[in-house]
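Visitor: fold the following, please.
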Amino acid sequence: MELPYSQQGIVLASDDFKEKDRILTIYTKEFGKIRAISRGSRKIDSKLAPHLEVLSYSNLMLFSGKSLITITGAFEIKNFRNLKNSAEKLSAALYLAELLNRATFENLPDEEIFNLLLDLLKYLDKDIHESAEKLKPAEVILIFKFKLLNFLGLLPEAEKGEYDLVFKFARADFAESENLNLSTAEKEKLDKGLNYSFADILSKNLNKFNQ
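Guide: Down below sits the predicted model:
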């Protein structure tokens with residue numbers, strides 16, 4: 001990784017560090033998941049803090065230090081304010097970020113995963129006056145699980161047609177996924193099957209949005 005470097009990224013998580021700093025987990029377009037320190041971003045007058053909130057999509061200036069990457073500049077591209085005004089959508093978006101954070105390793109770039117997260121956040125962020133949404137937040141999460149497993153090479157193997165719908169759903173374009181009209185029973189069955197694939201990398205119950 002050649003730094004200093006300008007890079008687009010989505011903030012997945014933020015942890016307090018020392019008195020004034022934060023350690024951010026960011027999924028970047030070119031480097032994949034990274035951890036970087038934002039010095040002074042806990043101060044009230046921090047110029048970086050507004051551009052580095054969890055779920056912010058920002059352009060970042062990065063510098064490689066001895067032990068951690070340092071964020072020396074940031075400019076917010078999109079804040080996703082509409083989804084943050086809905087408790088259900090915000091919970092879903094934070095869940096996507098947590099799932100991606102826990103399911104991936106650092107410094108393994110995958111532009112498809114980056115674009116998937118960005119596309120689904122934009123979908124959740126649609127203004128209520130835009131065209132009617134066909135997918136509920138729970139279904140957005142289901143699509144994310146399917147496609148993330150697909151990109152990670154962890155989709156369950158099809159056996160006697162049991163996972164045919166899984167593969168159809170996972171491989172469909174986003175617009176096509178809107179029109180699959182899965183029943184509640186089908187979604188529950190597919191989600192249960194996918195959870196087995198996540199079991200080795202996650203310990204958290206994945207059924208909270210399917211009730």
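
Visitor: give me the domain ranges for the chain.
Guide: Split into domains by automatic domain parsing, the chain comes to 5-78, 81-198.

Visitor: among those, which one carries the weakest average confidence?
Guide: Ranked by mean pLDDT, these end with domain 81-198 in last place, scoring a mean of 79.

Visitor: give me the residue at the spatial middle of this structure.
Guide: For the chain, the residue nearest the mean C-alpha position is A97 (3.7 Å; CA atoms, centre = their mean).

Visitor: before we move on, back to that, which of the domains of the chain sits most buried?
Guide: Highest mean neighbour count among those (mean count of other CB atoms under 10 Å): domain 5-78, with a mean of 17. Every C-beta, even on glycine, is put in place using the N, C-alpha and C of the backbone.

Visitor: ok now it, how far from the chain's centre?
Guide: 16 Å (CA atoms, centre = their mean, to the nearest Å).

Visitor: A strand includes the residue nearest to the centre of the chain, no?
Guide: No. Read with DSSP: H, G, I helix; E, B strand; the rest coil, A97 is helix and lies in no strand.

Visitor: which element is the closest residue in space to it that isn't next to it in sequence on?
Guide: Nearest non-adjacent residue to A97, counting by CB to CB, 6 or more residues apart in numbering: L12, 4.4 Å away. Assessed by DSSP states H and E, L12 sits inside strand 5-17.

Visitor: who touches that strand?
Guide: Strand 5-17 has contacts (CB atoms under 8 Å, 6 or more residues apart in numbering) with 22-31, 33-34, 37, 42, 52-62, 77, 97-98, 100-101, 114, 117-118, 121.

Visitor: and if you look at stretch 116-128?
Guide: So stretch 116-128 is contacted by 10, 27, 55, 57, 78, 80-83, 89, 92-93, 96-97, 100, 133, 135, 137, 140, 143-144, 147-148, 151, 174 (CB under 8 Å, 6+ apart).

Visitor: let's go with 7 Å and repeat that
Guide: Applying CB atoms under 7 Å, 6 or more residues apart in numbering, the external contacts of stretch 116-128 come out as 10, 27, 55, 57, 80, 82-83, 89, 92-93, 96, 100, 133, 137, 140, 143-144, 147-148, 174.

Visitor: using PDB, write out the CA atom coordinates for it.
Guide: This file holds the C-alpha atoms of stretch 116-128, laid out as PDB (Å, rounded to 0.1, in the frame of the first residue of the first chain):
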ATOM      1  CA  LEU A 116     -22.600  -4.100  -2.800                       C
ATOM      2  CA  LEU A 117     -22.500  -2.200   0.500                       C
ATOM      3  CA  LEU A 118     -22.600   1.200  -1.200                       C
ATOM      4  CA  ASP A 119     -25.600   0.200  -3.400                       C
ATOM      5  CA  LEU A 120     -27.600  -1.200  -0.500                       C
ATOM      6  CA  LEU A 121     -26.900   1.800   1.700                       C
ATOM      7  CA  LYS A 122     -28.100   4.100  -1.200                       C
ATOM      8  CA  TYR A 123     -31.200   1.900  -1.500                       C
ATOM      9  CA  LEU A 124     -32.000   2.300   2.200                       C
ATOM     10  CA  ASP A 125     -31.400   6.000   1.900                       C
ATOM     11  CA  LYS A 126     -34.000   6.600  -0.700                       C
ATOM     12  CA  ASP A 127     -36.200   9.600   0.000                       C
ATOM     13  CA  ILE A 128     -39.800   8.700   0.900                       C
END
